[in-house]
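> Give me a model of this one.
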Amino acid sequence: MMSSAAEILVIILSIFLAIFLIVGTILGVYLIQLTSQIRKITKSAERTADNIESAVSQATKFVSPIFISEMVNRFIRKIKNSMKGKK
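Numbers count the residues shown, from 1 in each chain. As a prediction, the model looks like this:
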């Protein structure tokens, strides 16, 4: 037969086990929710990065011909100015 001290110890340990199971379950639920929110934030950041990449690509396509034409224009001006200086 169990002594009263052992019975009290079993009751106390059972209560602590129940408390830890409840706390563990609650923390598990919060962890699942947090993971879901992190996944949503990651997808949003990925979409934003893709949009920025697309915008930069479009800007590059627009700016590149302008830059090349500007360089050609400067080169032609230098040639014209050097030809005027020789005359």
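> which residues of this structure fall in helices?
Using DSSP state H, the helices found in the chain span residues 4-86.
> what bits of it have low per-residue confidence?
1, 86-87 (pLDDT under 70).
> can you rerun that using 90?
1-2, 53-87 (pLDDT under 90).
> which residues does residue 71 contact?
Shown in contact with residue 71 (C-beta atoms under 8 Å, 6 or more residues apart in numbering): no residues. C-betas here are computed from N, CA, C, even on glycine.
> now residue 2: how far from residue 18?
Counting by C-beta to C-beta, to the nearest Å, the separation of residue 2 from residue 18 is 20 Å.
> now swap in residue 80 and tell me
Residue 80 is 92 Å from residue 18, where distance means C-beta to C-beta.
> again, but for residue 82
Residue 82 is 93 Å from residue 18, where distance means C-beta to C-beta.
> again, but for residue 67
Applying C-beta to C-beta to residue 67 and residue 18 gives a distance of 72 Å.
> swap in residue 69?
78 Å.
> now swap in residue 4 and tell me
From residue 4 across to residue 18, the span is 21 Å (C-beta to C-beta).
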